[in-house]
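Visitor: attaching a predicted model along with its sequence, questions to come.
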Amino acid sequence: MRRMVRLPLKSPLVAAWLFVAAFLVLALVCVGGATRLTESGLSITEWKPIAGVIPPTTEQAWTAEFDNYKKIPQFSQVNPHMELAEFKGIYWWEWAHRLLARGLGAVYLLGFVGLLLMREIPARLIWRCGALIGLIAVQGGVGWWMVSSGLAGRVEVAPERLMIHLSLALFLMCATIWTGLEALEGQKRGRGAPDGWRWATGGLLFLVFAQCMLGALVAGNRAGLVYNDWPLMNGHIFPPVEWAKGIGYSFLHDQGLVQFMHRMNAYLLIVAATAYALVAARKANDDRLKTVAAALAASVWIQVALGVTTLVTVVALGFALAHQFVAVCLLALAVGLTWMVARADRVFR
């Protein structure tokens, strides 16, 4: 009789795979930010999941790609004097972004299949890892849905679609980190942290994620190019808002309003993160949790400083990229902290 092979309760190998994948998501988000800041996202006007891996290799192929770009509003309204050499510069950014996305999909899929065949994935995590693969596929479709919004009638992608695309990428990263920690630690034991701590930590994670979503709206509306004074907005606390097109439209598209919301949530986040770290330093018995809470609070302060600097320099490329990078790292810290609190046992007085 054939002996049954039991699946492990935890797996450092699975955890390593997932942490590598999460890092690649972070890299993809940063490359995507550079693509947006260099206005390169609409340079490739077709979605070819397989054939698109190979870039143009002849002058004739480059000319054909450039001719496709000339058909969209961004060329006629923003870059009418662009030459082929300049087009190649923005094309390579978008091509690199799409190539990295394909590579990320391969890491998830091949890693999952390989570890599954090795019977290395804990049984309770198989469906979660499978769901991550599905999310990758959805993200690819959403990415093209976002790009297509800028190919006709607009000179850039729709801000709300950019927000959805980024939010899905960040959710994928969060879920990957959480699943990786589960694979590393094994099944849960103990009662976990008191409800008050869980609610507070979950609220902190929500504020960080919401700030990233609001940042996407700021980026999509180019709202960082207006109201470049701080702490006021052109000398006012609240900017003038055009409400004529409806409340929903204003919350998604009004430059002053989306920047105001981004600022206000940042203030709320810096107070919440600082208070959390101070309370954790007094109440938590786990030094690791204290350290992560302090690192999270410090990162929020750094992020706010980068945000203000990005604003007053009218979105200087270096500061803008650093601002986005720290935002993603901050979210990863918030996920780790939330997981620690959800798994905590007898580390709180």
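Guide: Okay, I see it. Residues are numbered from 1 along each chain as shown.
Visitor: just for the stretch 151-300 of the chain, where's the confidence low?
Guide: Where the stretch 151-300 of the chain drops to pLDDT under 70, the residues are 188-193.
Visitor: ranges for the helices of the chain?
Guide: Using DSSP state H, the helices of the chain run over residues 12-37, 59-70, 73-77, 84-117, 123-148, 159-185, 195-220, 247-253, 255-283, 287-312, 317-343.
Visitor: identify whichever of those lies nearest to residue 239.
Guide: For those, proximity to residue 239 was assessed by C-beta to C-beta; helix 255-283 is nearest, at 3.2 Å. No exception for glycine: its C-beta is placed from N, CA and C like everyone else's.
Visitor: re earlier: closest to residue 233 out of the helices of the chain?
Guide: Among those, helix 255-283 sits nearest to residue 233 (C-beta to C-beta), with 6.7 Å.
Visitor: give the buried residues for the closest one.
Guide: For helix 255-283, burial by neighbour count (16 or more other C-beta atoms under 10 Å) applies to 255-263, 265-266, 269-270, 272-274, 276-277, 280.
Visitor: and the helices of the chain as JSON lines, adding distance to residue 45?
Guide: Output for those, formatted as JSON lines (distance: least, C-beta to C-beta, whole Å):
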{"stretch": "helix 12-37", "distance to residue 45": "14"}
{"stretch": "helix 59-70", "distance to residue 45": "5"}
{"stretch": "helix 73-77", "distance to residue 45": "10"}
{"stretch": "helix 84-117", "distance to residue 45": "10"}
{"stretch": "helix 123-148", "distance to residue 45": "8"}
{"stretch": "helix 159-185", "distance to residue 45": "16"}
{"stretch": "helix 195-220", "distance to residue 45": "19"}
{"stretch": "helix 247-253", "distance to residue 45": "24"}
{"stretch": "helix 255-283", "distance to residue 45": "27"}
{"stretch": "helix 287-312", "distance to residue 45": "30"}
{"stretch": "helix 317-343", "distance to residue 45": "24"}
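Visitor: what's the closest of the ones you listed to residue 47?
Guide: So among the helices of the chain, helix 123-148 is nearest, using C-beta to C-beta, at 4.5 Å.
Visitor: which helices and strands sit right next to the closest one?
Guide: Using 3 or more C-beta pairs under 8 Å, 6 or more residues apart in numbering; DSSP states H and E, the elements in contact with helix 123-148 are helix 12-37, helix 84-117, helix 159-185.
Visitor: for the record, mean pLDDT for that helix?
Guide: Mean per-residue pLDDT for helix 123-148: 92.
Visitor: how far off centre is it?
Guide: Relative to the centre of its chain, helix 123-148 is centred 14 Å away, using C-alpha atoms, centre = their mean, to the nearest Å.
Visitor: who touches the closest residue to residue 107 other than its chain neighbours in this structure?
Guide: Of all residues not flanking residue 107 in the chain, residue 21 sits nearest, at 5.3 Å (C-beta to C-beta, 6 or more residues apart in numbering). By C-beta atoms under 8 Å, 6 or more residues apart in numbering, residue 21 lies in contact with 104, 107-108, 111, 132, 176.
Visitor: top of those residues by neighbour count?
Guide: Neighbour counts for those (other C-beta atoms under 10 Å) peak at residue 176, which has 26 neighbours.
Visitor: isn't it right up against residue 24?
Guide: No: the pair residue 176 / residue 24 is not scored as a contact, 9.4 Å apart, by C-beta atoms under 8 Å.
Visitor: care to break the protein down by domain?
Guide: Per the record, the chain has its domains at 10-187, 191-349, by automatic domain parsing.
Visitor: quick one on the thing from earlier: got TSV for the contacts of residue 21, with distance to residue 39 too?
Guide: Converted to TSV, the contacts of residue 21 look like this (distance: C-beta to C-beta, whole Å):
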residue	distance to residue 39
104	23
107	28
108	29
111	34
132	31
176	30
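Visitor: between these, which is nearest residue 58?
Guide: If you rank the contacts of residue 21 by distance to residue 58 using C-beta to C-beta, residue 104 comes first, at 28.7 Å.
Visitor: contacting residues for that closest one?
Guide: Listed by C-beta under 8 Å, 6+ apart, the contact set of residue 104 reads 21, 24-25, 28, 136.
Visitor: contacting residues around the residue nearest to residue 63 when sequence neighbours are not counted?
Guide: Leaving out its chain neighbours, the residue that sits closest to residue 63 by C-beta to C-beta, 6+ apart is residue 84, at 7.0 Å. Listed by C-beta under 8 Å, 6+ apart, the contact set of residue 84 reads 62-63, 66.
Visitor: apply 10 Å and report the result again.
Guide: Neighbour list for residue 84: 59, 62-63, 65-66, 91 [criterion: C-beta atoms under 10 Å, 6 or more residues apart in numbering].
Visitor: ok, residue 129 next?
Guide: 14, 17-18, 21, 108, 111-112, 115-116, 121-122, 175-176, 179-180, 183.
Visitor: same thing but at 6 Å, please
Guide: For residue 129, the contact set (C-beta atoms under 6 Å, 6 or more residues apart in numbering) comprises residue 112.
Visitor: any idea how far it lies from residue 110?
Guide: Here residue 129 is placed at a distance of 12 Å from residue 110 (C-beta to C-beta, to the nearest Å).
Visitor: ok, now residue 156?
Guide: In terms of C-beta to C-beta, residue 156 sits 34 Å off from residue 110.
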